[in-house]
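In: Structure for the following, please:
(one chain, ligands or ions: 2)
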Amino acid sequence: MRWSKPATPTIPETWPPHPPPGETELERAVRLEEEKEARRRSEAIDREIEQERLEQRKLRHSTRVLLLGQAESGKSTVLKNFQLHFAPEAFHAESEAWRAVIHLNLIRSVNFILDLLPGGPSSLHSSLHGESSSHHSRQLSENALLDDSLLRHFRVRLSPLRQVELILVQRLSADDPSRAAVNVEEAMPWYYGRASEVSIRGGSGWKALLRRKWNTSQAATRPDELDKARQILHACRQDIAELWGHPDVQHGLEAEGVVLRDQSGFFLDETLRVAAAGYEPTPLDILRARLQTLGVEQHTISVERFGEPSHRWVFYDVGGAKGQRASWVPFFDDIDAILFLCPMSAFNEVMLEDRRLNRLLDSFNLWKTICMSRLLRGTTFILLLNKSDILQSKLAAGVPFARYVKSYKDGPNEFDHVCEYLKRKFVAMCKHNSARERQLHVHVTCATDISTTAIVINRIKDAIVVNNLISSDYI
Ligand SMILES: Nc1nc2c(ncn2[C@@H]2O[C@H](COP(=O)(O)OP(=O)(O)OP(=O)(O)O)[C@@H](O)[C@H]2O)c(=O)[nH]1
Ligand SMILES: [Mg+2]
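Out: Ligands and ions are numbered 1, 2, ... in the order given. You can find the predicted model right below:
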């Protein structure tokens, strides 16, 4: 953003101007007051210009990284790893804010199960898919053997969680009324087989909102509301654990082909810990929390350790969903590196935004477009082949990679071979589609594994910093 001073209507030759002849006492007092005010305004503008100049200078001395990749590829999770690695104190200071997100992730899974069970209010959801609500209910009641009274018991006991969900969503989007609970739901249509997403527009300051002590009378109730939400969740924890552990519920979900464990923001296995009264999220919990990014978020990390070559990192974390991608382009300019994430495990999944498109194919297309971009001709690329843990377990469970990726032909259904194949494919696409030779570094990652990601982060840091030094002729 550039500042320019507003034009002054009449510019006197001397400042302050000479007093007009015959000035009365009152006129003098008014004039002096106006001069004081004009000086105050001018100084405020000067301060803002200086502030802006300092910000620009700081940005020039920062390492700027743009995170790209489809939705749920792990961009924000990698960013959290950078924060944990370079600024652990700042990372831990935010854990309270993440607790609300984790609670919301847990509650959405519970409400999702309750909606899916017979008699659940799934008619809205089903109609999005052109199916009747009785269709889902009938399927589940045929497959699941949950008896009616037990179901009613769970429904009644867990009904307060609907209110908790509402409180948390409203609180997370509190300073942006357009993103109230209903709108969040509308923005994220219900997909059969998935709990709905939690999304807060970047820059809405949601972390601060959850910490802030409110002064106004209306807002004074807010900290209590959050406490109340936590108490309700705490009181429901045994019932949640029982619901999740009930064999009929498990059978019902299995019969529907719903694997909640594979979904983002899954905390049902740890209900008693996460819903405990004094629960403090661990770094791993924070990495596993799911909060969809909307728009482009700028995150500045000030390195807390001495001896690091770059003291400030600026990350631009983008929303990866198809509708979000146009907003990436203005950030292509003046960037030190692109971190592109491909979730390897998505080879047998379809896009939520377009159920006809395979997610791995979408990653290939996206990569190709990024490589071809003229704006990014000279930019260092770092490719993270992410979600290696889920890929590994899918292959081990016998999901055949070659069925979804025809060009893999009769390659072995083994982790190392599949990784190598994907690596070769991405490197070849980069070579083929880049206007000129570029630096490309490829890593296989599991962004929810803190220690292995730390090693990758050190390598990334070395690659970007060394490359910047070369391009700025320092070495
Ligand atoms: N098991 C596993 N989960 C991961 C890995 N990387 C990320 N996740 C999880 O995947 C979910 C989605 O990750 P995000 O970082 O929010 O994805 P994103 O790319 O920022 O998605 P958008 O903001 O929608 O563009 C989160 O719940 C993460 O915890 C991984 O390597 N393995
Ligand atoms: Mg994100």
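In: tell me the mean pLDDT for stretch 289-298?
Out: On average, the pLDDT along stretch 289-298 is 91.
In: pLDDT below threshold where in this protein?
Out: Counting by pLDDT under 70, the chain contains low-confidence ranges at 1-16, 56-60, 119-146, 174-206, 208-223, 306-310, 467-475.
In: Please identify which helix or strand holds the residue at minimal distance from the centre of it.
Out: Centroid-nearest residue in the chain, with CA atoms, centre = their mean: residue 293, separated by 3.8 Å. Residue 293 is part of strand 292-294 when elements are defined by DSSP states H and E.
In: and if you look at residue 297?
Out: strand 296-302.
In: and that strand, anywhere near ligand 1?
Out: No. On the criterion CB under 6 Å from any ligand atom, strand 296-302 is out of touch with ligand 1, staying 9.1 Å away. Backbone N, C-alpha and C define where each C-beta goes, glycine included.
In: backbone phi and psi for the nearest residue to residue 95 once chain neighbours are set aside, please?
Out: Leaving out its chain neighbours, the residue that sits closest to residue 95 by CB to CB, 6 or more residues apart in numbering is residue 281, at 4.9 Å. In terms of degrees, to the nearest 10, the main-chain angles of residue 281 are phi -60, psi 140.
In: wouldn't residue 281 be in contact with residue 289 here?
Out: Yes. Between residue 281 and residue 289 there is a contact under CB atoms under 8 Å: 7.5 Å.
In: what helix or strand does residue 313 sit in?
Out: Under the criterion of DSSP H and E, residue 313 resides in strand 312-318.
In: cool, and residue 37?
Out: Per DSSP H and E: helix 25-60 holds residue 37.
In: what's the distance between that helix and the middle of its chain?
Out: 39 Å (CA atoms, centre = their mean, to the nearest Å).
In: going forward can the numbers begin at 6, since that is how I track them
Out: With the count now opening at 6, the last piece we talked about shows up as helix 30-65.
In: what's the angle from the helix or strand following that helix to strand 317-323?
Out: The helix or strand immediately downstream of helix 30-65 is strand 68-74, counting by DSSP H and E. If you take axes from the mean of the first three to the mean of the last three CA atoms, to 10 degrees, strand 68-74 sits at 20 degrees to strand 317-323.
In: what's the next secondary structure element after strand 68-74?
Out: Counting by DSSP H and E, the element after strand 68-74 in chain order, helix or strand, is helix 80-91.
In: May I see the buried residues of the next helix or strand after that following helix?
Out: Next along the chain after helix 80-91, taking DSSP H and E as the criterion, comes helix 93-98. Of the residues in helix 93-98, residue 96 count as buried by neighbour count, 16 or more other CB atoms under 10 Å.
In: From the contact counts, what lies against the very next helix or strand once past helix 93-98?
Out: Using DSSP H and E, the helix or strand that follows helix 93-98 in sequence is helix 100-121. Contact here means 3 or more CB pairs under 8 Å, 6 or more residues apart in numbering; DSSP states H and E; on that basis helix 100-121 packs against helix 153-163, helix 165-177, helix 211-216, helix 227-250, helix 252-260, helix 276-279, helix 288-293.
In: For residue 330, find the nearest of these.
Out: Checking these against residue 330 by CB to CB gives helix 211-216 as the closest, at 23.0 Å.
In: so who does the residue lying closest to residue 258 once chain neighbours are set aside touch?
Out: The spatial neighbour of residue 258 that comes closest, neighbours along the chain excluded (CB to CB, 6+ apart), is residue 265 at 6.6 Å. Counting by CB atoms under 8 Å, 6 or more residues apart in numbering, residue 265 makes contact with 114, 117, 118, 200, 258, 271, 273.
In: now residue 265: how far from residue 111?
Out: According to CB to CB, to the nearest Å, residue 265 and residue 111 sit 11 Å apart.
In: Need the residues touching each of those two.
Out: residue 273.
In: which bits of the stretch 206-355 of the chain sit near ligand 1?
Out: Counting by CB under 6 Å from any ligand atom, the stretch 206-355 of the chain sits next to ligand 1 at 269, 270, 292, 293, 295, 297, 298, 324, 325, 326.
In: any idea how far residue 329 is from the residue nearest to the last one when sequence neighbours are not counted?
Out: Spatial nearest neighbour of residue 326, excluding adjacent residues (CB to CB, 6+ apart): residue 76 at 4.3 Å. For residue 76, the distance to residue 329 equals 8 Å [CB to CB].
In: Go through the residues of the stretch 206-355 of the chain next to ligand 1 and single out the one with the most neighbours.
Out: residue 325 (26 neighbours; other CB atoms under 10 Å).
In: I'd assumed residue 78 was in contact with it.
Out: Yes. Applying CB under 8 Å as the test, residue 325 and residue 78 come out as touching, 5.9 Å apart.
In: circling back: list residues touching both of residue 286 and residue 294?
Out: In contact with both residue 286 and residue 294: 103, 107, using CB under 8 Å, 6+ apart.
In: Pick out whichever of these two has more residues nearby.
Out: The neighbour comparison of residue 286 against residue 294 (other CB under 10 Å) goes to residue 294, with 25 against 22.
In: Verify the stated contact: that one with residue 103.
Out: Yes. With contact defined as CB under 8 Å, residue 294 counts as touching residue 103 (5.4 Å).
In: Spit out the residues that contact these two alike.
Out: Joint contacts of residue 294 and residue 103 (CB under 8 Å, 6+ apart) are residue 286.
In: Please report how far the closest residue in space to residue 334 that isn't next to it in sequence lies from ligand 1.
Out: Nearest non-adjacent residue to residue 334, counting by CB to CB, 6+ apart: residue 380, 7.6 Å away. According to CB to the nearest ligand atom, to the nearest Å, residue 380 and ligand 1 sit 21 Å apart.
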